[in-house]
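A.B. asks: fold the following and give me the result.
(3 chains)
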Amino acid sequence: MPELPEVETIVRGLQILLVGQTILSADVLWERTLATPSPPVFARAIRGRSIVSISRRAKFIHALLSPPPVTSLIIHLRMSGDLRLEAGNYQTETHDRLLFRLSDGKALVFRDPRKFGRVWLTDDPTVVFGRLGVEPFSDGFTCSWLHEMLRRYHRPLKSLLLDQTFLAGLGNIYTDEALHRSRLHPLRLSDTISQEEAQRLYSAILQVLQEGIANNGASIDWVYRGGGFQNHFRVYRRTGLPCPNCGTPIERLIVHQRSAHFCPSCQPRN
DNA sequence: CCTGAAACCTGTCTGC
DNA sequence: TGCAGACAGGTTTCAG
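C.D. replies: Down below sits the predicted model:
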């Protein structure tokens, strides 16, 4: 499901609902959801701790817990994870993997049909975030940085933009949309990009992410609800449909084991 | 070091 | 209706 805009939307909602609350208890319903620590240690360590803040790093949700030692509860939703606030009498459902009882009587449920999502409880978040690349909405993400870094690698743009150790937060939707808006082919090799093309790509990345957030992310399948950015897709999952710019049918190919949707006319291979 | 493929999982949709 | 196959907002691990 979630890329940067979807996670940002979820985090903004959780900040209002959860900051200041205390976690009374946690039930681990699917053990492998926990990356660390083991379920009993997790349940013991989280009991009675209150939520100080909730933020986002790339596609990770990061909650700080007190009292000291300050501990990080980190959640990655991967493909099908979702966090929902339910009433106190909530009955666990099939795809629920983790349930937190809160001090206001409600329950926070981590639901994840495909079981790819992961949760960490650690006093050292750098262990989880250590290898992540630059954050798109940070001072480190500039046009000159992007151009310089693109030249450093000899890889298809699609593959590089999906690489979280390069740029952190983009996924399959927003890479396709950013490449289309910058009129660059997904297989275009990164070290052939001119400064002018890097400028287009840089602007397009920020533009699609901002537009995604402004629309509360994208909702496609049964997984994530409430977003509207799917109504603004120009290429993603639009194979065979006309390009909004020129009317040419959108094509699809596989890059980096993922679908890449593009307009062969607006995004020529050279 | 880099690349590609497989693995991790379940649900939905399409076509025969 | 049944069933096989394709496909899905992601990342890690392993082979070459």
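A.B. asks: contacts for stretch A:177-197, please.
C.D. replies: Defining contact as CB atoms under 8 Å, 6 or more residues apart in numbering, one finds that stretch A:177-197 is touched by A:147, A:150-158, A:160-161, A:170, A:175-176, A:200-201, A:203-205, A:207-208, A:233-236, A:253, A:255, A:260-263, A:266-270. Any C-beta I mention is one placed from the backbone N, CA and C, and that applies to glycine too.
A.B. asks: do the same with stretch A:64-74
C.D. replies: Where contact means CB under 8 Å, 6+ apart, the residues beyond stretch A:64-74 that reach it are A:23, A:45-46, A:49-54, A:60-63, A:119-125, A:128.
A.B. asks: quick one: is that stretch near DNA strand C?
C.D. replies: No. No part of stretch A:64-74 sits near DNA strand C under the criterion CB under 7 Å from any atom of the strand; the closest distance found is 11.3 Å.
A.B. asks: and residue A:109, bridged to which residues?
C.D. replies: The residues listed as beta-bridge partners of residue A:109 by DSSP bridges are residue A:84, residue A:99.
A.B. asks: now do the same for it: its pLDDT.
C.D. replies: The predicted local distance difference test score for residue A:109 is 98.
A.B. asks: ok, the one 3 residues further on next?
C.D. replies: Listed pLDDT for residue A:112 reads 97.
A.B. asks: and the gap between it and residue A:172?
C.D. replies: Counting by CB to CB, to the nearest Å, the gap between residue A:112 and residue A:172 amounts to 18 Å.
A.B. asks: ok, now residue A:138?
C.D. replies: As defined by CB to CB, residue A:138 lies at a distance of 22 Å from residue A:172.
A.B. asks: one more: residue A:71?
C.D. replies: If you measure residue A:71 against residue A:172 using CB to CB, the figure is 32 Å.
A.B. asks: contact partners for the residue in chain A that DNA strand B sits nearest to?
C.D. replies: With CB to the nearest atom of the strand as the measure, the residue in chain A that lies nearest DNA strand B is residue A:114; the distance is 3.5 Å. Residue A:114 makes contacts with A:78, A:79, A:80, as judged by CB under 8 Å, 6+ apart.
A.B. asks: now the most centrally placed residue in chain A, what are its backbone angles?
C.D. replies: Nearest residue to the geometric centre of chain A (CA atoms, centre = their mean): residue A:3, 2.6 Å. Listed backbone geometry of residue A:3 is phi -110, psi -170, with angles given as degrees, to the nearest 10.
A.B. asks: and the gap between the closest residue to it other than its chain neighbours and residue A:218?
C.D. replies: Taking CB to CB, 6 or more residues apart in numbering as the measure, residue A:3 lies nearest to residue A:171, with 3.6 Å between them; neighbours along the chain are not counted. In this structure, residue A:171 lies at 10 Å from residue A:218, with CB to CB as the measure.
A.B. asks: neighbour count for the two, which is higher?
C.D. replies: When neighbours are counted by other CB atoms under 10 Å, residue A:218 comes out ahead of the other of residue A:171 and residue A:218, with 25 against 20.
A.B. asks: OK, contacts around that one?
C.D. replies: Going by CB under 8 Å, 6+ apart, the list of residues near residue A:218 reads A:5, A:6, A:173, A:212, A:224, A:227, A:228, A:229, A:230, A:233.
A.B. asks: do residue A:265 as well
C.D. replies: By CB under 8 Å, 6+ apart, the residues touching residue A:265 are A:243, A:246, A:248.
A.B. asks: ok, the first one touching residue A:234?
C.D. replies: Yes. Contact status for residue A:243 versus residue A:234: in contact at 7.1 Å, counting by CB atoms under 8 Å.
A.B. asks: quick one: the helices in the stretch 1-150 of chain A?
C.D. replies: Applying DSSP state H, counting those that start in this stretch to the stretch 1-150 of chain A gives helices spanning A:4-18, A:39-46, A:126-129, A:143-152.
A.B. asks: select, out of those, the one closest to DNA strand C.
C.D. replies: With CB to the nearest atom of the strand as the yardstick, what comes closest out of the helices of the stretch 1-150 of chain A is helix A:4-18 (5.3 Å).
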